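K.L.:
Predicted model and sequence follow; I will ask about them next.
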Amino acid sequence: MNVDSFKALLYKDIKDLRYNGQLLVLIFFPLMFVIAFFLLQSNVPLNILLMITLLLLPIHIQGNLLAEEKEQRTWRVLKQMGIHFYHLTIAKAFITISVTLLTIVVTTLLQGQTIFYTAMASLFTVPCIVIMICAGTLLGTYANNTVEVNLFGTPIVIFFIALEIITRFLSNIGLHSLANLMPNILFISGIDLIESGQIAAAFTSYFLLLVIWAVVAVIATRLLIKRKAFTV
């Protein structure tokens with residue numbers, strides 16, 4: 001896929017995103033969350049704020065953008081134009097990462113954090129965004145339409161929330177080392193280190209482990225969608 005084709009895909013996705021009311025609500029939900037806590041004169045913990053954003057945005061944006069191509073019957077047309085499914089996925093992921101990071105930056109700044117802290121926290125979330133995009137890619141690939149994306153997206157979100165229960169179970173049975181390798185623990189621990197000013201410690205340990213999780217997620221996603229691409 002050449003640069004012009006990539007730009008055309010990005011332009012189309014951005015245009016479609018502007019008129020997708022459901023996704024716009026999801027994008028502004030973290031902002032409304034911060035505003036509500038501000039009006040109540042209470043600060044929302046940054047961990048919760050970032051987790052809400054990561055759980056809601058990447059999965060649904062990526063899934064809906066891919067499912068819309070299926071609804072519009074454009075997957076096969078794009079293939080005939082020389083645009084492989086993986087190229088299409090990358091274009092959608094670029095939009096998803098950009099929107100998610102922009103939302104994280106705005107909401108974190110609204111919470112009263114400094115620009116430097118906001119930049120570090122946003123950078124730290126990138127591997128987690130990639131993991132959630134992988135889940136959204138699988139959802140959008142196997143769903144027949146955007147309705148199914150929104151329907152089946154909820155159980156996936158619940159699964160990621162349930163990781164906290166899984167982590168506690170592993171700790172209770174003595175598998176503390178394994179529990180500490182779970183992505184939710186890595187993320188929370190890293191954000192806590194950044195918040196306490198230990199930037200180097202966060203990025204030389206927890207961030208690198210999250211990158212490994214992200215790489216595994218990308219490889220697994222590619223294998224799972226390999227036979228499904230352009231079969232609709």
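P.N.:
Perfect, I can see it now.

K.L.:
Which elements pack onto the helix or strand encompassing Thr103?
P.N.:
Using DSSP states H and E, Thr103 sits in helix 85-110. If contacts are counted by 3 or more C-beta pairs under 8 Å, 6 or more residues apart in numbering; DSSP states H and E, helix 85-110 sits against helix 3-18, helix 21-39, helix 46-71, helix 75-80, helix 115-142, helix 207-225. Just so you know, the C-beta spots here come from the backbone N, C-alpha and C atoms, and that holds for glycine as well.

K.L.:
winner for burial among these?
P.N.:
Across these, averaging neighbours per residue (mean count of other C-beta atoms under 10 Å) puts helix 46-71 on top, at a mean of 23.

K.L.:
Next, the angle from it to helix 115-142.
P.N.:
Angle, helix 46-71 to helix 115-142, by axes from the mean of the first three to the mean of the last three C-alpha atoms, to 10 degrees: 30 degrees.

K.L.:
tell me the mean pLDDT over helix 46-71?
P.N.:
Across helix 46-71, pLDDT averages out at 81.

K.L.:
Report the angle between that helix and helix 207-225.
P.N.:
20 degrees.

K.L.:
Distance from helix 46-71 to the middle of the chain?
P.N.:
With C-alpha atoms, centre = their mean, to the nearest Å as the basis, helix 46-71 stands 6 Å off its chain's centre.

K.L.:
any idea how far Val77 is from Gly190?
P.N.:
Separation of Val77 from Gly190 (C-beta to C-beta, to the nearest Å) stands at 42 Å.

K.L.:
same question, Leu110
P.N.:
Leu110 is 22 Å from Gly190, where distance means C-beta to C-beta.

K.L.:
who's more crowded, the two?
P.N.:
The residue with more neighbours, out of Leu110 and Gly190, is Gly190; 27 against 17, by other C-beta atoms under 10 Å.
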